[in-house]
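Visitor: sequence plus the predicted model coming up.
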Amino acid sequence: MMSTESNSKGVAVVTGSGQGIGHTIAVRLAGDGYDVVINDLESNKENLDAVKKEITANFPERRVLIVFANVTIEEEVKGLVESAVKEFGKLNIFVANAGIAVIKPLLETTSDDWDSVFAVNVKGTFYSYKYAAQQMIAQGDGGRIIGASSLAGKKGHASVSAYCASKFAVRGLTQSAAVELGRNGITVNAYAPGAIQTSMLSELAAVDDSVDLYEEFKRLSSVGHLGTTQDVASLVSFLVTPEARFITGQTITIDGGIFFD
């Protein structure tokens with residue numbers, strides 16, 4: 001049954017919020033005053049439980065709903081949106097954060113590798129944009145949709161060909177959605193993190209131990225250090241505000257000044 005609490009700024013859904021960037025975004029949006037729907041695969045239940053506990057401990061006035069859903073399955077993404085609305089009555093923000101990477105040289109990347117990466121990173125983002133937008137249009141008061149691209153979606157890198165291609169695709173999808181949805185008061189943007197301290201960066205660093213990837217990214221960075229998940233969450237926190245109403249169709253690089261476009 002829908003809660004009648006009214007001290008919330010709105011309702012935000014964050015996919016892939018059991019860990020990493022998604023976890024931090026969910027906590028940040030709760031701290032900003034939003035009720036939050038956190039999502040991941042059921043195999044990440046323990047992580048989601050921990051995220052919910054963290055939010056309720058730090059922001060006891062905030063409501064949190066866990067919804068298990070696989071973003072590669074259209075009906076489950078549709079159900080995720082429906083669950084959010086059934087519980088909280090509306091949807092104001094949707095962060096399509098869920099993503100995976102396969103770290104292999106191009107010549108070793110299989111068709112299954114390629115399909116799995118595109119299923120989550122591209123098809124999952126497409127379903128998220130589609131059903132979030134449908135709900136926001138039905139409500140009639142606009143909204144914020146945000147996707148997850150990457151520095152790898154602006155510049156190709158070795159050993160992550162499928163990942164790079166998928167993140168380039170997110171940029172195109174974000175631009176098209178922004179054009180279509182803007183007249184409905186819905187902005188659509190994406191974040192493009194560079195070297196952020198996450199498990200994915202650790203996996204990439206482990207591919208070639210002859211190079212200290214952490215030190216290399218620090219060297220390439222204009223600011224001389226790696227980013228954190230909080231840096232990405234801070235960008236999302238701004239993009240959902242009324243002050244960001246004139247920003248749409250953008251994939252914003254957040255990489256400490258490694259790449260300029």
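Guide: Received it, and whenever you're ready, just let me know what you need.

Visitor: mind showing which ranges of the stretch 51-200 of the chain have poor pLDDT?
Guide: Along the stretch 51-200 of the chain, the parts satisfying pLDDT under 70 run over 199-200.

Visitor: what about the helices in it?
Guide: Along the stretch 51-200 of the chain, the segments classed as helices by DSSP state H, counting those that start in this stretch run 74-88, 111-118, 124-139, 161-181, 199-207.

Visitor: got the ones you listed as JSON lines, with mean neighbour count and distance to residue 240 columns?
Guide: The C-beta positions use only the backbone N, C-alpha and C, and glycine is treated the same way. Shown next, in JSON lines, are the helices of the stretch 51-200 of the chain (neighbours: other Cβ atoms under 10 Å; distance: least, Cβ to Cβ, whole Å):
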{"stretch": "helix 74-88", "mean neighbour count": "19", "distance to residue 240": "15"}
{"stretch": "helix 111-118", "mean neighbour count": "14", "distance to residue 240": "27"}
{"stretch": "helix 124-139", "mean neighbour count": "21", "distance to residue 240": "13"}
{"stretch": "helix 161-181", "mean neighbour count": "20", "distance to residue 240": "15"}
{"stretch": "helix 199-207", "mean neighbour count": "15", "distance to residue 240": "24"}
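
Visitor: let me have those helices in a markdown table, adding distance to residue 259 as columns.
Guide: A markdown table is the format used below for the helices of the stretch 51-200 of the chain (distance: least, Cβ to Cβ, whole Å):
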| stretch | distance to residue 259 |
| --- | --- |
| helix 74-88 | 31 |
| helix 111-118 | 21 |
| helix 124-139 | 21 |
| helix 161-181 | 13 |
| helix 199-207 | 16 |
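
Visitor: of those helices, give the one that comes closest to residue 217.
Guide: Proximity to residue 217 (Cβ to Cβ) singles out helix 199-207 among these, at 8.2 Å.

Visitor: now the residue nearest to residue 189 when sequence neighbours are not counted: how far from residue 154?
Guide: Counting by Cβ to Cβ, 6 or more residues apart in numbering, residue 250 is the residue found nearest to residue 189 once chain neighbours are left out, at 5.0 Å. Relative to residue 154, residue 250 is positioned 12 Å away (Cβ to Cβ, to the nearest Å).

Visitor: can you get me a residue count around residue 235?
Guide: Residues lying near residue 235 (other Cβ atoms under 10 Å) number 19.

Visitor: how about the helix or strand containing it: buried residues?
Guide: Residue 235 belongs to helix 229-239 when assigned by DSSP states H and E. Going by neighbour count (16 or more other Cβ atoms under 10 Å), the buried part of helix 229-239 is 229, 231-233, 235-237, 239.

Visitor: repeat for stretch 9-24
Guide: Of the residues in stretch 9-24, those buried (16+ other Cβ under 10 Å) are 10-24.

Visitor: and the end-to-end length of that stretch?
Guide: Taking Cα to Cα, to the nearest Å as the measure, stretch 9-24 stretches 18 Å from start to finish.
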